[in-house]
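Engineer: What shape does this take:
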Amino acid sequence: MSKSRTVNTSKNIITGIGNKVILLLLTFISRKIFIEYIGVQYLGINSLFANVLTILSMADMGFGIAMSYTYYKPLAENDHIKLAALVRFYRKVYNVIASAVFVIGLAIMPFLKYIVNLDKPIDHLYIYYLFALLTTVCSYLFVYKSNIISADQKNFLINKISIYVTIGKIAIQIVTMIVFKNYMIFAALDLLATVVNNLIISHLANKYYPYIKNKEKLSKEDKKNIFANMRSVFLYKFSANIMGGTDSIIMSSIVGTVVVGMYTNYLTITVQVIQFSNILFSSFTASIGNLIIENKPKKNHFVFNVMQMASQIISGIIAVCILLLADDFITNWLGAKYAMGILMVFAVAANTYFTIVLQPIWSYREATGLYNKTKYVMVATAVVNIILSIVMGYWIGAPGIVLATVLSRLLTYFWYEPALIYKLYFKEKSWPFYREFLIGIALMAFGYFCCSGLFRLVFKETNWTILVVKAIISVAFMGLLYFLRYFKTEEFQILKARAIDIKNKKFRRKREK
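Structural biologist: Below you'll find the predicted structure:
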(Lines give C-alpha, C1' and ligand atoms only; values in the text may rest on other atoms or scores of the structure.)
Protein backbone atom coordinates (compact mmCIF):
# COMPACT_ATOMS: atom_id res chain seq x y z
CA MET A 1 0.00 0.00 0.00
CA SER A 2 1.40 3.39 -0.97
CA LYS A 3 2.15 6.07 1.61
CA SER A 4 -0.80 8.24 0.52
CA ARG A 5 -3.12 5.26 0.80
CA THR A 6 -1.69 4.42 4.22
CA VAL A 7 -2.11 8.00 5.49
CA ASN A 8 -5.70 8.30 4.27
CA THR A 9 -6.58 4.84 5.56
CA SER A 10 -5.06 5.72 8.96
CA LYS A 11 -7.04 8.97 9.13
CA ASN A 12 -10.23 7.13 8.22
CA ILE A 13 -9.61 4.55 10.94
CA ILE A 14 -8.61 7.02 13.67
CA THR A 15 -11.49 9.45 13.10
CA GLY A 16 -13.92 6.58 12.65
CA ILE A 17 -12.87 4.92 15.91
CA GLY A 18 -12.99 8.25 17.76
CA ASN A 19 -16.48 8.72 16.38
CA LYS A 20 -17.62 5.31 17.56
CA VAL A 21 -16.09 5.51 21.05
CA ILE A 22 -18.07 8.65 21.83
CA LEU A 23 -21.18 7.29 20.12
CA LEU A 24 -20.93 4.02 22.04
CA LEU A 25 -20.88 5.76 25.42
CA LEU A 26 -23.78 8.02 24.49
CA THR A 27 -25.78 5.11 23.08
CA PHE A 28 -25.52 3.13 26.31
CA ILE A 29 -26.69 6.13 28.32
CA SER A 30 -29.47 6.89 25.85
CA ARG A 31 -30.69 3.28 25.76
CA LYS A 32 -30.94 3.05 29.55
CA ILE A 33 -32.83 6.34 29.74
CA PHE A 34 -35.08 5.23 26.85
CA ILE A 35 -36.12 2.05 28.70
CA GLU A 36 -36.61 3.90 31.99
CA TYR A 37 -38.57 6.91 30.71
CA ILE A 38 -40.27 5.67 27.54
CA GLY A 39 -40.42 1.88 27.94
CA VAL A 40 -39.26 -1.42 26.46
CA GLN A 41 -42.41 -1.66 24.30
CA TYR A 42 -41.39 1.45 22.39
CA LEU A 43 -37.86 0.09 22.19
CA GLY A 44 -39.23 -3.02 20.50
CA ILE A 45 -41.24 -0.91 18.05
CA ASN A 46 -38.22 1.28 17.30
CA SER A 47 -36.10 -1.80 16.53
CA LEU A 48 -38.86 -3.49 14.53
CA PHE A 49 -39.42 -0.43 12.33
CA ALA A 50 -35.67 -0.22 11.74
CA ASN A 51 -35.66 -3.80 10.44
CA VAL A 52 -38.75 -3.28 8.27
CA LEU A 53 -37.13 -0.21 6.71
CA THR A 54 -33.85 -2.08 6.25
CA ILE A 55 -35.72 -4.42 3.92
CA LEU A 56 -37.51 -1.46 2.35
CA SER A 57 -34.18 0.16 1.52
CA MET A 58 -33.75 -2.53 -1.12
CA ALA A 59 -34.72 0.22 -3.58
CA ASP A 60 -31.15 1.51 -3.17
CA MET A 61 -29.53 -1.89 -3.45
CA GLY A 62 -27.11 -1.76 -6.30
CA PHE A 63 -26.56 1.92 -6.96
CA GLY A 64 -24.67 2.66 -3.75
CA ILE A 65 -22.04 0.01 -4.51
CA ALA A 66 -22.05 0.67 -8.25
CA MET A 67 -21.56 4.37 -7.52
CA SER A 68 -18.45 3.90 -5.37
CA TYR A 69 -17.01 1.43 -7.85
CA THR A 70 -17.42 3.85 -10.79
CA TYR A 71 -15.77 6.73 -8.88
CA TYR A 72 -12.42 4.95 -8.33
CA LYS A 73 -10.97 5.20 -11.84
CA PRO A 74 -11.93 8.84 -12.68
CA LEU A 75 -10.67 9.93 -9.24
CA ALA A 76 -7.34 8.20 -9.88
CA GLU A 77 -7.12 9.88 -13.31
CA ASN A 78 -8.43 13.30 -12.16
CA ASP A 79 -11.17 13.05 -14.80
CA HIS A 80 -13.36 15.92 -13.59
CA ILE A 81 -15.73 15.75 -16.56
CA LYS A 82 -16.51 12.08 -15.92
CA LEU A 83 -16.95 12.68 -12.18
CA ALA A 84 -19.35 15.58 -12.76
CA ALA A 85 -21.35 13.44 -15.19
CA LEU A 86 -21.50 10.56 -12.69
CA VAL A 87 -22.64 12.82 -9.85
CA ARG A 88 -25.38 14.35 -12.00
CA PHE A 89 -26.54 10.90 -13.11
CA TYR A 90 -26.63 9.50 -9.57
CA ARG A 91 -28.50 12.56 -8.28
CA LYS A 92 -31.37 11.75 -10.64
CA VAL A 93 -31.25 8.09 -9.68
CA TYR A 94 -31.44 8.82 -5.96
CA ASN A 95 -34.33 11.21 -6.38
CA VAL A 96 -36.23 8.33 -7.95
CA ILE A 97 -35.06 5.93 -5.22
CA ALA A 98 -36.19 8.28 -2.42
CA SER A 99 -39.61 8.62 -4.04
CA ALA A 100 -39.92 4.84 -4.50
CA VAL A 101 -38.97 4.16 -0.87
CA PHE A 102 -41.59 6.63 0.33
CA VAL A 103 -44.37 5.17 -1.81
CA ILE A 104 -43.52 1.55 -0.94
CA GLY A 105 -43.21 2.53 2.72
CA LEU A 106 -46.71 3.98 2.70
CA ALA A 107 -48.02 0.81 1.07
CA ILE A 108 -46.61 -1.27 3.93
CA MET A 109 -48.50 0.66 6.64
CA PRO A 110 -51.73 -1.44 6.55
CA PHE A 111 -49.68 -4.58 7.29
CA LEU A 112 -47.96 -3.26 10.44
CA LYS A 113 -50.70 -4.73 12.65
CA TYR A 114 -49.67 -8.24 11.56
CA ILE A 115 -46.05 -7.94 12.67
CA VAL A 116 -46.39 -5.76 15.81
CA ASN A 117 -47.11 -8.26 18.59
CA LEU A 118 -47.75 -6.49 21.92
CA ASP A 119 -49.89 -7.30 24.97
CA LYS A 120 -51.28 -3.74 24.95
CA PRO A 121 -51.82 -1.59 21.85
CA ILE A 122 -49.79 1.61 21.48
CA ASP A 123 -51.33 4.89 20.35
CA HIS A 124 -50.02 6.75 17.29
CA LEU A 125 -48.27 3.65 15.92
CA TYR A 126 -48.63 4.79 12.32
CA ILE A 127 -47.31 8.27 13.08
CA TYR A 128 -44.20 6.73 14.66
CA TYR A 129 -43.75 4.60 11.56
CA LEU A 130 -44.06 7.69 9.32
CA PHE A 131 -41.23 9.39 11.22
CA ALA A 132 -39.05 6.30 10.74
CA LEU A 133 -39.98 6.17 7.05
CA LEU A 134 -39.16 9.85 6.48
CA THR A 135 -35.81 9.39 8.22
CA THR A 136 -35.00 6.57 5.82
CA VAL A 137 -36.11 8.60 2.80
CA CYS A 138 -34.03 11.60 3.86
CA SER A 139 -30.98 9.38 4.29
CA TYR A 140 -30.83 9.20 0.49
CA LEU A 141 -30.42 12.96 0.14
CA PHE A 142 -26.99 13.85 -1.23
CA VAL A 143 -25.64 10.30 -0.80
CA TYR A 144 -24.18 10.64 -4.29
CA LYS A 145 -21.98 13.42 -2.90
CA SER A 146 -20.89 11.63 0.26
CA ASN A 147 -19.83 8.60 -1.79
CA ILE A 148 -17.36 10.61 -3.84
CA ILE A 149 -15.67 11.70 -0.58
CA SER A 150 -15.48 8.06 0.60
CA ALA A 151 -14.24 6.81 -2.77
CA ASP A 152 -11.48 9.43 -2.60
CA GLN A 153 -10.29 7.83 0.68
CA LYS A 154 -11.37 10.87 2.73
CA ASN A 155 -14.04 9.28 4.86
CA PHE A 156 -12.46 10.98 7.89
CA LEU A 157 -14.15 14.21 6.74
CA ILE A 158 -17.56 12.55 6.90
CA ASN A 159 -16.71 10.97 10.27
CA LYS A 160 -16.02 14.37 11.83
CA ILE A 161 -19.36 15.78 10.72
CA SER A 162 -21.28 12.67 11.73
CA ILE A 163 -19.90 12.64 15.25
CA TYR A 164 -20.80 16.29 15.91
CA VAL A 165 -24.34 15.84 14.60
CA THR A 166 -24.82 12.54 16.43
CA ILE A 167 -23.54 13.88 19.75
CA GLY A 168 -25.90 16.83 19.47
CA LYS A 169 -28.83 14.60 18.55
CA ILE A 170 -28.33 12.07 21.36
CA ALA A 171 -27.71 14.78 23.95
CA ILE A 172 -30.96 16.52 23.03
CA GLN A 173 -32.81 13.18 22.92
CA ILE A 174 -31.61 12.34 26.43
CA VAL A 175 -32.85 15.67 27.79
CA THR A 176 -36.22 15.45 26.02
CA MET A 177 -36.78 11.85 27.13
CA ILE A 178 -36.27 12.82 30.76
CA VAL A 179 -38.39 15.98 30.52
CA PHE A 180 -41.21 14.94 28.15
CA LYS A 181 -41.11 11.09 28.18
CA ASN A 182 -42.33 11.25 24.59
CA TYR A 183 -41.30 8.85 21.82
CA MET A 184 -42.58 11.16 19.06
CA ILE A 185 -40.03 13.85 19.97
CA PHE A 186 -37.33 11.18 20.01
CA ALA A 187 -38.28 10.06 16.49
CA ALA A 188 -38.54 13.65 15.21
CA LEU A 189 -34.99 14.36 16.39
CA ASP A 190 -33.74 11.32 14.45
CA LEU A 191 -35.29 12.81 11.32
CA LEU A 192 -33.88 16.29 11.95
CA ALA A 193 -30.36 14.97 12.57
CA THR A 194 -30.42 12.99 9.31
CA VAL A 195 -31.38 16.09 7.31
CA VAL A 196 -28.77 18.30 8.99
CA ASN A 197 -26.00 15.71 8.54
CA ASN A 198 -26.74 15.34 4.82
CA LEU A 199 -26.86 19.08 4.20
CA ILE A 200 -23.45 19.62 5.83
CA ILE A 201 -21.86 16.74 3.90
CA SER A 202 -23.32 18.13 0.67
CA HIS A 203 -21.69 21.48 1.40
CA LEU A 204 -18.39 19.72 2.11
CA ALA A 205 -18.49 17.82 -1.19
CA ASN A 206 -19.16 21.06 -3.09
CA LYS A 207 -16.20 22.66 -1.35
CA TYR A 208 -13.65 19.91 -2.07
CA TYR A 209 -14.99 18.91 -5.49
CA PRO A 210 -16.46 22.12 -6.98
CA TYR A 211 -16.45 20.64 -10.49
CA ILE A 212 -19.26 18.20 -9.58
CA LYS A 213 -21.72 21.08 -9.98
CA ASN A 214 -20.92 21.20 -13.71
CA LYS A 215 -23.74 19.91 -15.93
CA GLU A 216 -21.97 17.10 -17.74
CA LYS A 217 -23.79 14.18 -19.33
CA LEU A 218 -22.92 10.53 -18.90
CA SER A 219 -22.60 8.50 -22.09
CA LYS A 220 -25.14 5.81 -22.94
CA GLU A 221 -22.40 3.20 -22.78
CA ASP A 222 -21.44 4.24 -19.23
CA LYS A 223 -25.09 4.15 -18.15
CA LYS A 224 -25.48 0.71 -19.71
CA ASN A 225 -22.44 -0.61 -17.81
CA ILE A 226 -23.64 0.90 -14.52
CA PHE A 227 -27.10 -0.65 -14.87
CA ALA A 228 -25.60 -4.01 -15.83
CA ASN A 229 -23.43 -4.02 -12.72
CA MET A 230 -26.27 -2.66 -10.60
CA ARG A 231 -28.61 -5.54 -11.47
CA SER A 232 -26.17 -8.04 -10.02
CA VAL A 233 -25.50 -5.89 -6.96
CA PHE A 234 -29.24 -5.38 -6.47
CA LEU A 235 -29.96 -9.09 -6.35
CA TYR A 236 -27.06 -9.70 -3.95
CA LYS A 237 -27.82 -6.79 -1.66
CA PHE A 238 -31.56 -7.39 -1.70
CA SER A 239 -30.94 -10.96 -0.55
CA ALA A 240 -28.46 -9.74 2.10
CA ASN A 241 -31.01 -7.22 3.38
CA ILE A 242 -33.71 -9.88 3.53
CA MET A 243 -31.31 -12.04 5.52
CA GLY A 244 -30.29 -9.26 7.91
CA GLY A 245 -33.67 -7.57 8.23
CA THR A 246 -36.01 -10.47 8.87
CA ASP A 247 -34.72 -11.62 12.29
CA SER A 248 -36.61 -8.97 14.26
CA ILE A 249 -39.74 -9.32 12.11
CA ILE A 250 -39.87 -13.11 12.56
CA MET A 251 -38.98 -12.73 16.25
CA SER A 252 -41.78 -10.20 16.75
CA SER A 253 -44.33 -12.42 15.03
CA ILE A 254 -43.35 -15.69 16.75
CA VAL A 255 -42.03 -14.63 20.18
CA GLY A 256 -43.26 -11.03 20.71
CA THR A 257 -42.27 -7.42 20.05
CA VAL A 258 -41.05 -6.90 23.63
CA VAL A 259 -38.52 -9.73 23.12
CA VAL A 260 -37.27 -7.83 20.07
CA GLY A 261 -36.57 -4.87 22.34
CA MET A 262 -34.66 -7.11 24.78
CA TYR A 263 -32.70 -8.68 21.93
CA THR A 264 -31.72 -5.27 20.59
CA ASN A 265 -30.10 -4.50 23.95
CA TYR A 266 -27.53 -7.14 22.98
CA LEU A 267 -27.39 -5.67 19.49
CA THR A 268 -26.62 -2.27 21.00
CA ILE A 269 -23.37 -3.83 22.19
CA THR A 270 -22.56 -5.95 19.16
CA VAL A 271 -23.63 -3.50 16.45
CA GLN A 272 -21.36 -0.82 17.87
CA VAL A 273 -18.50 -3.31 18.08
CA ILE A 274 -19.13 -4.46 14.51
CA GLN A 275 -19.14 -0.84 13.37
CA PHE A 276 -15.72 -0.40 14.96
CA SER A 277 -14.43 -3.22 12.79
CA ASN A 278 -16.31 -1.82 9.78
CA ILE A 279 -14.32 1.38 10.15
CA LEU A 280 -11.09 -0.58 9.90
CA PHE A 281 -12.02 -2.69 6.89
CA SER A 282 -14.12 -0.15 4.98
CA SER A 283 -11.18 2.25 5.26
CA PHE A 284 -9.26 -0.19 3.06
CA THR A 285 -11.96 -0.53 0.40
CA ALA A 286 -11.02 2.49 -1.73
CA SER A 287 -7.34 1.49 -1.50
CA ILE A 288 -8.24 -2.03 -2.61
CA GLY A 289 -10.10 -0.52 -5.56
CA ASN A 290 -6.89 1.20 -6.61
CA LEU A 291 -4.86 -1.98 -6.14
CA ILE A 292 -7.27 -3.96 -8.30
CA ILE A 293 -6.81 -1.41 -11.09
CA GLU A 294 -3.02 -1.93 -10.82
CA ASN A 295 -3.63 -5.69 -11.39
CA LYS A 296 -1.01 -7.03 -8.97
CA PRO A 297 -2.31 -10.38 -7.60
CA LYS A 298 0.54 -10.97 -5.13
CA LYS A 299 0.24 -7.49 -3.65
CA ASN A 300 -3.53 -7.90 -3.42
CA HIS A 301 -3.10 -11.25 -1.70
CA PHE A 302 -0.67 -9.81 0.83
CA VAL A 303 -3.00 -6.90 1.69
CA PHE A 304 -5.83 -9.39 2.07
CA ASN A 305 -3.73 -11.56 4.40
CA VAL A 306 -3.01 -8.54 6.59
CA MET A 307 -6.72 -7.74 6.72
CA GLN A 308 -7.62 -11.37 7.39
CA MET A 309 -5.13 -11.58 10.25
CA ALA A 310 -6.66 -8.45 11.77
CA SER A 311 -10.19 -9.84 11.34
CA GLN A 312 -9.24 -13.12 13.03
CA ILE A 313 -7.78 -11.29 16.02
CA ILE A 314 -10.60 -8.75 16.35
CA SER A 315 -13.45 -11.25 15.82
CA GLY A 316 -11.93 -13.82 18.17
CA ILE A 317 -11.38 -11.39 21.05
CA ILE A 318 -14.83 -9.84 20.62
CA ALA A 319 -16.66 -13.18 20.37
CA VAL A 320 -15.01 -14.54 23.53
CA CYS A 321 -15.72 -11.30 25.41
CA ILE A 322 -19.39 -11.49 24.39
CA LEU A 323 -19.62 -15.08 25.62
CA LEU A 324 -17.98 -14.24 28.94
CA LEU A 325 -19.35 -10.77 29.65
CA ALA A 326 -22.57 -10.02 27.76
CA ASP A 327 -25.10 -11.17 30.38
CA ASP A 328 -23.08 -9.56 33.18
CA PHE A 329 -23.02 -6.31 31.23
CA ILE A 330 -26.78 -6.38 30.59
CA THR A 331 -27.42 -7.14 34.28
CA ASN A 332 -25.27 -4.24 35.49
CA TRP A 333 -26.51 -1.87 32.79
CA LEU A 334 -30.28 -2.53 32.69
CA GLY A 335 -31.07 -5.18 35.31
CA ALA A 336 -31.11 -8.98 35.56
CA LYS A 337 -34.61 -9.22 34.02
CA TYR A 338 -33.21 -8.07 30.67
CA ALA A 339 -30.55 -10.83 30.49
CA MET A 340 -31.65 -13.53 28.02
CA GLY A 341 -29.35 -16.40 29.01
CA ILE A 342 -26.36 -18.30 27.66
CA LEU A 343 -28.05 -19.67 24.52
CA MET A 344 -28.89 -16.18 23.27
CA VAL A 345 -25.39 -15.01 24.24
CA PHE A 346 -23.87 -17.87 22.23
CA ALA A 347 -26.08 -17.04 19.23
CA VAL A 348 -25.17 -13.34 19.37
CA ALA A 349 -21.45 -14.14 19.79
CA ALA A 350 -21.46 -16.55 16.83
CA ASN A 351 -23.31 -14.07 14.62
CA THR A 352 -20.92 -11.28 15.58
CA TYR A 353 -17.89 -13.48 14.95
CA PHE A 354 -18.94 -14.37 11.42
CA THR A 355 -19.90 -10.79 10.64
CA ILE A 356 -16.40 -9.56 11.52
CA VAL A 357 -14.24 -12.46 10.34
CA LEU A 358 -15.72 -12.26 6.82
CA GLN A 359 -15.28 -8.51 6.43
CA PRO A 360 -12.03 -8.74 4.41
CA ILE A 361 -13.88 -10.92 1.91
CA TRP A 362 -16.70 -8.36 1.79
CA SER A 363 -14.23 -5.49 1.36
CA TYR A 364 -12.73 -7.18 -1.69
CA ARG A 365 -16.19 -7.94 -3.04
CA GLU A 366 -17.15 -4.27 -2.69
CA ALA A 367 -13.92 -3.02 -4.28
CA THR A 368 -13.93 -5.50 -7.17
CA GLY A 369 -17.63 -5.31 -7.97
CA LEU A 370 -17.76 -9.11 -7.86
CA TYR A 371 -21.56 -9.27 -7.65
CA ASN A 372 -22.41 -10.81 -11.01
CA LYS A 373 -20.64 -14.02 -9.93
CA THR A 374 -21.97 -14.15 -6.34
CA LYS A 375 -25.56 -12.86 -6.62
CA TYR A 376 -27.29 -16.24 -6.64
CA VAL A 377 -25.41 -17.65 -3.68
CA MET A 378 -26.77 -14.80 -1.53
CA VAL A 379 -30.29 -15.53 -2.79
CA ALA A 380 -29.81 -19.11 -1.60
CA THR A 381 -28.49 -17.81 1.74
CA ALA A 382 -31.57 -15.59 2.24
CA VAL A 383 -33.97 -18.42 1.43
CA VAL A 384 -32.19 -20.85 3.75
CA ASN A 385 -32.12 -18.20 6.49
CA ILE A 386 -35.87 -17.52 6.36
CA ILE A 387 -36.73 -21.24 6.44
CA LEU A 388 -34.31 -21.97 9.28
CA SER A 389 -35.42 -18.87 11.24
CA ILE A 390 -39.07 -19.92 11.21
CA VAL A 391 -38.31 -23.57 12.06
CA MET A 392 -35.74 -22.77 14.77
CA GLY A 393 -37.85 -19.87 16.07
CA TYR A 394 -40.73 -22.22 16.90
CA TRP A 395 -38.30 -24.88 18.15
CA ILE A 396 -35.81 -22.88 20.26
CA GLY A 397 -37.32 -19.38 20.40
CA ALA A 398 -35.46 -16.10 19.89
CA PRO A 399 -31.95 -17.65 20.09
CA GLY A 400 -32.90 -20.09 17.33
CA ILE A 401 -33.76 -17.22 14.98
CA VAL A 402 -30.33 -15.65 15.52
CA LEU A 403 -28.54 -18.99 15.15
CA ALA A 404 -30.35 -19.55 11.86
CA THR A 405 -28.47 -16.61 10.39
CA VAL A 406 -25.14 -18.19 11.39
CA LEU A 407 -26.08 -21.58 9.94
CA SER A 408 -27.33 -20.11 6.67
CA ARG A 409 -23.98 -18.34 6.18
CA LEU A 410 -22.02 -21.52 6.91
CA LEU A 411 -24.13 -23.59 4.52
CA THR A 412 -23.84 -21.21 1.57
CA TYR A 413 -21.51 -18.32 0.77
CA PHE A 414 -18.90 -19.02 3.46
CA TRP A 415 -17.35 -21.70 1.26
CA TYR A 416 -18.08 -20.02 -2.09
CA GLU A 417 -17.00 -16.35 -2.02
CA PRO A 418 -13.51 -16.83 -0.53
CA ALA A 419 -12.70 -19.53 -3.11
CA LEU A 420 -13.89 -17.27 -5.92
CA ILE A 421 -11.85 -14.25 -4.80
CA TYR A 422 -8.73 -16.37 -4.34
CA LYS A 423 -9.12 -17.83 -7.81
CA LEU A 424 -9.92 -14.61 -9.70
CA TYR A 425 -7.80 -11.97 -7.93
CA PHE A 426 -5.05 -13.76 -6.03
CA LYS A 427 -4.44 -16.65 -8.44
CA GLU A 428 -4.04 -18.90 -5.39
CA LYS A 429 -5.77 -21.87 -3.75
CA SER A 430 -8.19 -20.86 -0.98
CA TRP A 431 -7.37 -23.62 1.53
CA PRO A 432 -5.16 -21.30 3.70
CA PHE A 433 -8.23 -19.13 4.35
CA TYR A 434 -10.21 -22.07 5.74
CA ARG A 435 -7.19 -23.35 7.66
CA GLU A 436 -6.89 -19.99 9.44
CA PHE A 437 -10.60 -20.06 10.17
CA LEU A 438 -10.34 -23.47 11.89
CA ILE A 439 -7.27 -22.35 13.86
CA GLY A 440 -9.20 -19.25 14.94
CA ILE A 441 -12.13 -21.36 16.17
CA ALA A 442 -9.73 -23.55 18.16
CA LEU A 443 -8.04 -20.52 19.76
CA MET A 444 -11.43 -19.04 20.73
CA ALA A 445 -12.60 -22.31 22.29
CA PHE A 446 -9.37 -22.66 24.27
CA GLY A 447 -9.49 -19.04 25.43
CA TYR A 448 -13.15 -19.22 26.40
CA PHE A 449 -12.82 -22.38 28.51
CA CYS A 450 -9.68 -21.12 30.26
CA CYS A 451 -11.20 -17.74 31.14
CA SER A 452 -14.65 -19.07 32.09
CA GLY A 453 -13.07 -21.67 34.38
CA LEU A 454 -10.99 -18.98 36.06
CA PHE A 455 -13.99 -16.66 36.45
CA ARG A 456 -16.14 -19.38 38.03
CA LEU A 457 -13.43 -20.06 40.61
CA VAL A 458 -12.57 -16.44 41.46
CA PHE A 459 -15.73 -14.33 40.96
CA LYS A 460 -18.93 -15.23 42.80
CA GLU A 461 -20.95 -12.07 41.98
CA THR A 462 -21.06 -9.31 39.40
CA ASN A 463 -20.69 -5.55 39.50
CA TRP A 464 -19.04 -2.94 37.28
CA THR A 465 -15.61 -3.34 38.88
CA ILE A 466 -15.63 -7.12 38.47
CA LEU A 467 -16.90 -6.72 34.90
CA VAL A 468 -13.98 -4.44 34.03
CA VAL A 469 -11.50 -6.88 35.61
CA LYS A 470 -13.02 -9.77 33.65
CA ALA A 471 -12.84 -7.74 30.44
CA ILE A 472 -9.16 -6.91 30.99
CA ILE A 473 -8.32 -10.55 31.70
CA SER A 474 -10.30 -11.78 28.67
CA VAL A 475 -8.74 -9.30 26.23
CA ALA A 476 -5.23 -9.82 27.62
CA PHE A 477 -5.43 -13.61 27.50
CA MET A 478 -6.92 -13.73 24.00
CA GLY A 479 -4.47 -11.07 22.84
CA LEU A 480 -1.59 -13.22 24.12
CA LEU A 481 -2.92 -16.26 22.27
CA TYR A 482 -3.16 -14.35 18.99
CA PHE A 483 0.26 -12.75 19.51
CA LEU A 484 1.82 -16.20 19.90
CA ARG A 485 -0.01 -17.31 16.77
CA TYR A 486 0.94 -14.41 14.49
CA PHE A 487 4.01 -12.54 15.77
CA LYS A 488 6.45 -14.41 13.50
CA THR A 489 4.41 -13.90 10.35
CA GLU A 490 5.41 -11.39 7.67
CA GLU A 491 1.95 -9.80 7.81
CA PHE A 492 2.29 -9.05 11.53
CA GLN A 493 5.77 -7.57 11.12
CA ILE A 494 4.67 -5.36 8.22
CA LEU A 495 1.60 -4.15 10.13
CA LYS A 496 3.78 -3.43 13.16
CA ALA A 497 6.30 -1.49 11.02
CA ARG A 498 3.51 0.55 9.41
CA ALA A 499 2.05 1.41 12.82
CA ILE A 500 5.46 2.52 14.13
CA ASP A 501 6.07 4.56 10.97
CA ILE A 502 2.73 6.38 11.30
CA LYS A 503 3.39 7.03 15.00
CA ASN A 504 6.86 8.46 14.26
CA LYS A 505 5.49 10.74 11.53
CA LYS A 506 2.88 12.13 13.91
CA PHE A 507 5.56 12.69 16.56
CA ARG A 508 7.77 14.55 14.06
CA ARG A 509 4.86 16.75 12.96
CA LYS A 510 4.14 17.67 16.58
CA ARG A 511 7.80 18.58 17.17
CA GLU A 512 7.86 20.71 14.01
CA LYS A 513 4.83 22.66 15.22
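Engineer: On the three-state scheme, residue 434 is what?
Structural biologist: Recorded secondary structure, residue 434: helix (DSSP: H, G, I helix; E, B strand; the rest coil).
Engineer: Adjust the sequence numbering to begin at 865 for everything that follows.
Structural biologist: With 865 as the first residue, the last one maps to residue 1298.
Engineer: May I have the residues that are in contact with it?
Structural biologist: Residue 1298 sits next to 1279, 1282 when contact means Cβ atoms under 8 Å, 6 or more residues apart in numbering. (Each C-beta comes from the backbone N, C-alpha and C, glycine too.)
Engineer: Next: residue 1170.
Structural biologist: Residue 1170 touches 1355, 1358-1359, counting by Cβ under 8 Å, 6+ apart.
Engineer: Check which helices and strands the helix or strand hosting residue 1011 sits against.
Structural biologist: With secondary structure defined by DSSP states H and E, residue 1011 is part of helix 1007-1015. Applying 3 or more Cβ pairs under 8 Å, 6 or more residues apart in numbering; DSSP states H and E, we find helix 1007-1015 packed against helix 927-940, helix 944-972, helix 1019-1044, helix 1047-1072, helix 1121-1158.
Engineer: Give me the distance between the closest residue to residue 1130 other than its chain neighbours and residue 1145.
Structural biologist: Once flanking residues are discounted, residue 1130 sits nearest to residue 1212: 4.9 Å by Cβ to Cβ, 6 or more residues apart in numbering. Residue 1212 sits 20 Å away from residue 1145, going by Cβ to Cβ, to the nearest Å.
Engineer: Run through the stretch 1065-1214 of the chain and note the low-pLDDT ranges.
Structural biologist: Low-confidence segments of the stretch 1065-1214 of the chain, defined by pLDDT under 70, are located at 1093-1097, 1108, 1143-1144, 1146-1160.
Engineer: just for the stretch 1215-1364 of the chain, where's the confidence low?
Structural biologist: 1233, 1235-1236, 1362-1364.
Engineer: contacting residues for the residue nearest to residue 1130?
Structural biologist: By Cβ under 8 Å, 6+ apart, the contact set of residue 1212 is 1130-1131, 1134, 1186, 1190, 1266.
Engineer: Just put the residues you listed in a markdown table and tack on distance to residue 1313 and neighbour count.
Structural biologist: Formatted as a markdown table, the contacts of residue 1212 follow (distance: Cβ to Cβ, whole Å; neighbours: other Cβ atoms under 10 Å):
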| residue | distance to residue 1313 | neighbour count |
| --- | --- | --- |
| 1130 | 22 | 25 |
| 1131 | 26 | 19 |
| 1134 | 22 | 21 |
| 1186 | 15 | 24 |
| 1190 | 17 | 23 |
| 1266 | 22 | 26 |
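Engineer: of all those residues, which comes closest to residue 912?
Structural biologist: Nearest to residue 912 among the contacts of residue 1212 is residue 1131, at 12.3 Å by Cβ to Cβ.
Engineer: Now do the contacts for the closest one.
Structural biologist: 911, 1212.
Engineer: The same query, at a cut-off of 10 Å, please.
Structural biologist: 911, 914, 1111-1112, 1124, 1138, 1212, 1215-1216, 1266 (Cβ atoms under 10 Å, 6 or more residues apart in numbering).
Engineer: again, but for residue 898
Structural biologist: Neighbours of residue 898 in contact, by Cβ under 10 Å, 6+ apart: 891, 904, 906-907, 910, 1037-1038, 1041, 1047, 1050, 1125.
Engineer: For those residues, which two are the farthest from each other?
Structural biologist: With Cβ to Cβ as the measure, no two of the contacts of residue 898 lie farther apart than 1038 and 1125, at 18.4 Å.
Engineer: Neighbour count for the two, which is higher?
Structural biologist: The neighbour count for residue 1038 versus residue 1125, taken as other Cβ atoms under 10 Å, is higher for residue 1125 (24 against 18).
Engineer: pretty sure the more buried one contacts residue 913?
Structural biologist: No. Distance between residue 1125 and residue 913: 11.8 Å, which falls outside the contact criterion (Cβ atoms under 10 Å).
Engineer: list residues touching both of those two?
Structural biologist: residue 1112.
Engineer: sorry, back to before: CSV please, covering the contacts of residue 1212 and showing distance to residue 1033.
Structural biologist: Shown next, in CSV, are the contacts of residue 1212 (distance: Cβ to Cβ, whole Å):
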residue, distance to residue 1033
1130, 23
1131, 19
1134, 22
1186, 27
1190, 27
1266, 29
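Engineer: hmm, back to that, from the contacts of residue 1170, which is closest to residue 1329?
Structural biologist: When those are compared against residue 1329 (criterion: Cβ to Cβ), the nearest one is residue 1359, at 33.7 Å.
Engineer: Look up how far residue 1177 lies from the closest one.
Structural biologist: Residue 1359 sits 10 Å away from residue 1177, going by Cβ to Cβ.
Engineer: Cheers, nothing more for now.
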